[in-house]
Structure formats: structure tokens, C-alpha cells
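Novice: no sequence for this one, just the structure:
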């Protein structure tokens, strides 16, 4: 009998998308999500390239366009807040369809679509997996144990499914030597179409208008031992790194320290040599990513559709399906990872000279130099 029941661990971008497509194909889909609700902080994300077609097929593209932040350019400023260089973040003339939206808006739309065909369990997580030739017995932290034909680990950079089925995180995760923290900001935004960024060597401070929900982002370089499970450590790292900084740094640190809802993590390169183990398969950031710089949102949407299509193409043969999915999606993400180094050097130059050279290079491009 063909495999027909699947547990998707993670109700984020990748998990919600694969749940929708597998549910629509007739699978009995259960999604388990650790969080009881969505954070208000976080980074705006892009839906571009092949992910646009997937969003259109799911019927959420018009809503995504309505929710778009409207940001068109990134302006670099000096310590006094004066513009010193700029770069466009959106193509001119609308010849290429893409949107930037708040991450939570994207997840809400995708999860709403997933609910059409899936059972969603919130505020719970997987604690054990026991696989045999006929299926997988899954133990949950809160819910009763159940048996599934397949398990999809779409639970992000710090994936529980990957740890249970493939091994500890340190085996697959490599620090990128950078960190990112975000927090909401009540500061008034003069231009809703412009992101402002201030650099000092090895650091950047950004204020993003985020479609009327502005936020600060701290992105900085460093070699620090960091435990993502210790939120106070992240708070201290930002405060010590940015102390005495120029522009809006003092104000941003006040918001950072006072916030109850903030995000912080190390920028990490994750690569698992094989994305499947028997009836278990990894998807999205759990399988392969460079967090922050790897176009993770679009890649997650495309990867989810690729996995669902591979399973539909190989009914009852999860081994062949997982191999086809991995082969296709590795080809998709490889060039995205190569571009991560360029993005990091653009946004966070290591030295004062690097900042100066970045600004000078942007200013000789006439189509960018329009402030």
C-alpha cells in the first residue's frame, strides 16, 4: 500500500508549503509547531524567482502583493545620518515579479493554506522517533504518540528532527562568524520605501520600515561561543558590541534592552550530506542553508514544492522520491550559497577602508546614485 500519512515538523515557510501540497495530493497531513504564536520581531523576507510561481499556484500571490513592504532601496548613512551611498533593492519597471513581506505575514498566509488540508498541532514538539520497515512511531512532548508513514523535518536551523534522525547540530552546522539581532522600533519612518543602514567596521545597524511596522536589525561579525538557547547571552552580545556606536545606536540599544520580544541568533551555514534517512527527510533550513544570506524563504517554498512533486511522481517509493527531491533542490540552492559571501561583504564590511571602498563603488554606478 502506498505511503499516505505524513508528519511535518515545523509550521513555518517550508513546513506550511509542503503540508499544503501533500494535503492537496490526498495525504493525511499533520503539522506540529513548537511555537504557540508568531513573534512580532524578525526580518522581512523576499519571495522571488521560482517561488513566485508556487505562490501564484497556491492563490496567495495577490495577498502577498498587498502585504509587500514597498521598500525599493537601501541607503547607507554616516554617523550624522547623512546618506553616503545607496543601492536599489527592487528591479525597475516591474519586469521581474517579486515581493518583500514581513516574515510573519508570509507564514500566516502559508499556514492558512495548509489548514485547508492538514491537522495543525501547536505548542508541541517531537521528542522521539522509532522507524521500522513499515513506518515511524513518533513521540510528542504533549500529544499522544502516533504512527506515520513519513516524517518531514521542516523545523529550521535548530531542527529537532535532524538531531533525532541524523545526529547533533554541531555535526552539520558551521558558524559563519556573524550574528543577527532584530527588534521592533517605534521610531517614525520618513520614507516607507527606504531602508537605512549605518556601518562601523564589522557591524551594521539598520532600520527597516517593514510596511508600517519598523524594526532595527543588528548584524555584526565576531567569533563568540554562543548558545542559541540562552536569550540573555544574545542580549549581552549586542549591547557589548554596539556600545558607543554612532547614528541611532543609543536609541536602538534602549529598544533592544527593553523589549520582551526580540530575535537573536548566529548566522550559520548548515549542510547535511544526505537529506533523508529511511522514511525521514529534511526540508528548508534544516537541510541546507546560510541563515540570513541564502534567500531562505524563496528556497524553502521552492524546495517544499519540489519535495511534494517528487513524492507524487514516485508513489509508494519514498526512497526514490527523496533522492529525486535532493538532486533537484541541491542544484537550486548551490548558487544561492555562493552569493552569501558577496552579500555579507556588502552589508558588513570588516574594516573602515572596506566601508569607504563599498560606498565609492556604489557611487560610481549612475543608476544607484539617486538619493
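Specialist: Yes, it's here. Nothing here was measured: the structure is a model prediction, and the numbers come from that model. Numbers count the residues shown, from 1 in each chain.
Novice: can you give me the helices for the stretch 251-371 of the chain?
Specialist: Counting by DSSP state H, counting those that start in this stretch, the stretch 251-371 of the chain has helices at residues 296-313, 318-338, 340-347, 352-363.
Novice: I would like the residues contacting the shortest one, please.
Specialist: Translated: helix 340-347. The contact list for helix 340-347, computed with Cβ atoms under 8 Å, 6 or more residues apart in numbering, reads 87, 176, 178, 197, 204, 219, 267, 269, 290, 293-294, 354, 358. For glycine as for every other residue, the C-beta is placed from the backbone atoms N, C-alpha and C.
Novice: would you turn these into TSV with distance to residue 168?
Specialist: Formatted as TSV, the contacts of helix 340-347 follow (distance: Cβ to Cβ, whole Å):
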residue	distance to residue 168
87	39
176	19
178	22
197	36
204	31
219	27
267	20
269	16
290	20
293	24
294	22
354	35
358	38
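Novice: Among those residues, name the buried ones.
Specialist: When these are checked for burial by 16 or more other Cβ atoms under 10 Å, the buried set is 87, 176, 178, 197, 204, 219, 267, 269, 290, 293-294, 354, 358.
Novice: Lowest average pLDDT across the helices of the stretch 251-371 of the chain?
Specialist: Comparing mean pLDDT across those, the weakest is helix 340-347, with a mean of 84.
Novice: Buried residues of that one, list them for me.
Specialist: Using 16+ other Cβ under 10 Å as the test for burial, helix 340-347 gives 340, 344, 346-347.
Novice: Just name the closest of those to residue 319, please.
Specialist: Checking the buried residues of helix 340-347 against residue 319 with Cβ to Cβ, the nearest one is residue 340 at 31.2 Å.
Novice: Show me what the top strand by length along the chain is packed against.
Specialist: When the chain is parsed with DSSP state E, its longest strand is strand 173-184. Contacts defined by 3 or more Cβ pairs under 8 Å, 6 or more residues apart in numbering; DSSP states H and E place strand 173-184 against strand 215-221, helix 231-242, helix 249-258, strand 262-271, helix 340-347.
Novice: Most tightly packed of these?
Specialist: With neighbours taken as mean count of other Cβ atoms under 10 Å, the helices and strands packed on strand 173-184 reach their highest mean count in strand 215-221, at a mean of 23.
Novice: So for that strand, mean pLDDT?
Specialist: Averaging pLDDT along strand 215-221 gives 96.
Novice: what's in contact with that strand?
Specialist: Here strand 215-221 makes contact (Cβ under 8 Å, 6+ apart) with 41-43, 177-185, 202-208, 238, 241-242, 248, 252, 255-256, 267, 292, 347-348, 350.
Novice: which residue sits closest to residue 63, ignoring its sequence neighbours?
Specialist: Nearest residue to residue 63, sequence neighbours excluded (Cβ to Cβ, 6 or more residues apart in numbering): residue 109, at 5.6 Å.
Novice: Neighbours of that neighbour, how many?
Specialist: 20 (other Cβ atoms under 10 Å).
Novice: Distance of it relative to residue 265?
Specialist: Plainly put, residue 109 is 24 Å away from residue 265 if you go by Cβ to Cβ, to the nearest Å.
Novice: do residue 286 as well
Specialist: Going from residue 286 to residue 265 by Cβ to Cβ gives 14 Å.
Novice: Repeat that for residue 160.
Specialist: Taking Cβ to Cβ, one finds residue 160 at 16 Å from residue 265.
Novice: do residue 132 as well
Specialist: Residue 132 is 35 Å from residue 265, where distance means Cβ to Cβ.
Novice: same thing with residue 186?
Specialist: Residue 186 sits 24 Å away from residue 265, going by Cβ to Cβ.
Novice: Buried residues in stretch 295-315, which are they?
Specialist: By neighbour count with 16+ other Cβ under 10 Å, stretch 295-315 contains the buried residues 295-311, 314.
Novice: Just the pLDDT for residue 94.
Specialist: According to the prediction, residue 94 has pLDDT 53.
Novice: quick one: average pLDDT of stretch 175-186?
Specialist: The average pLDDT for stretch 175-186 rounds to 92.
Novice: Tell me the buried residues in it?
Specialist: Within stretch 175-186, the residues that qualify as buried are 175-185, counting by 16+ other Cβ under 10 Å.
Novice: so how far is it from its chain's centroid?
Specialist: The chain centroid and the centroid of stretch 175-186 are separated by 13 Å under Cα atoms, centre = their mean, to the nearest Å.
Novice: Show me the shaky parts of this protein.
Specialist: Within the chain, the segments meeting pLDDT under 70 span 1-3, 36-42, 91-96, 291, 293-294, 366-371.
Novice: if we can go back for a sec, out of the helices of the stretch 251-371 of the chain, which is closest to residue 128?
Specialist: By Cβ to Cβ (comparing all of the helices of the stretch 251-371 of the chain), the closest turns out to be helix 318-338, at 20.4 Å.
Novice: That closest one packs against which elements?
Specialist: strand 276-277, strand 280-282, strand 288-290, helix 296-313.
Novice: ok, now with 7 Å
Specialist: Under the contact criterion of 3 or more Cβ pairs under 7 Å, 6 or more residues apart in numbering; DSSP states H and E, helix 318-338 touches helix 296-313.
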